[in-house]
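**Student:** this is the structure alone, sequence omitted:
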């Protein structure tokens, strides 16, 4: 019982850390006495990279032993883990694309607000965004919304649903609260759900992490080209 409570507290703290990690951007702003009103989009992308990198390092320290063990498990059964990862990525992609098209057709939103922000940042600093959104973000999101949740929810479907809800919500909360915007929890959450199933089936976070990184890199490179 004590171990369960410790895992719940740990998961809550990790999720809260994710929500508030953006405030780490103020560290270099304060240290170098930067004027926030004069920051360019490129400056903001670099600050975002800084906060993401610091939080990623914190997560590595917290989960180092588990990450080490699960990497060995991923490597030892590499072919099967890649196959399972691709299978669930394809399912998530189908749900994401279908729901995106339906939301855009019905509500004429022009796309998710989060995606518009990413595109703006990508235009400012494409190479930095490849590192930040292409590698670091998937790494941290897999630990926060898959690894930490799996430690708490042992039931396969409850774990996948919570991953869907929190992962989808993380990409929507902070934007204008409208019914149409809230519906974007579905396309974003689709990967939260399917990547959780991939992790549950293979018992190594690298199955979903590798596919998440590959997915983000593909979209970013496509946008740049």
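**Tutor:** Cool, the structure landed. From a predicted model like this one, the values you see are computed outputs, not experimental measurements.
**Student:** quick one: residues contacting residue 128.
**Tutor:** By Cβ atoms under 8 Å, 6 or more residues apart in numbering, the contact list for residue 128 reads 42, 45, 46, 49. Placement of C-beta: from N, CA and C, glycine included.
**Student:** output the below-cut-off pLDDT ranges for the chain.
**Tutor:** 1-3, 110-112, 174-176 (pLDDT under 70).
**Student:** and the helices in it?
**Tutor:** Using DSSP state H, the helices of the chain run over 2-20, 26-31, 41-76, 78-107, 113-124, 126-131, 137-142, 148-150, 156-170, 179-183, 185-202, 205-224.
**Student:** would you mind measuring from the residue positioned nearest the centre of the chain to residue 72?
**Tutor:** The C-alpha lying nearest the average C-alpha coordinate of the chain belongs to residue 141 (Cα atoms, centre = their mean; 3.2 Å). As judged by Cβ to Cβ, to the nearest Å, residue 141 and residue 72 stand 22 Å apart.
**Student:** ok, back up a step: contacting residues around the residue nearest to the centre of the chain?
**Tutor:** If you count contacts by Cβ under 8 Å, 6+ apart, residue 141 has them with 18, 167, 170, 212.
**Student:** re the thing from before, out of the contacts of residue 128, which are buried?
**Tutor:** 45, 46, 49 (16 or more other Cβ atoms under 10 Å).
**Student:** which residue is the nearest non-sequential neighbour of the first one?
**Tutor:** Spelled out, it's residue 45. Counting by Cβ to Cβ, 6 or more residues apart in numbering, residue 45 lies nearest to residue 125, which is 4.2 Å off, once chain neighbours are set aside.
**Student:** the last one now?
**Tutor:** Taking Cβ to Cβ, 6+ apart as the measure, residue 49 lies nearest to residue 132, with 4.5 Å between them; neighbours along the chain are not counted.
**Student:** right, and the one you found touches residue 50 too?
**Tutor:** No - assessed by Cβ atoms under 8 Å, residue 132 is found out of contact with residue 50, at 9.4 Å.
**Student:** who has more neighbours out of the two?
**Tutor:** Per other Cβ atoms under 10 Å, whichever of residue 132 and residue 50 has more neighbours is residue 132, with 24 against 16.
**Student:** dump the residue contacts of the more buried one.
**Tutor:** 45, 48, 49, 52.
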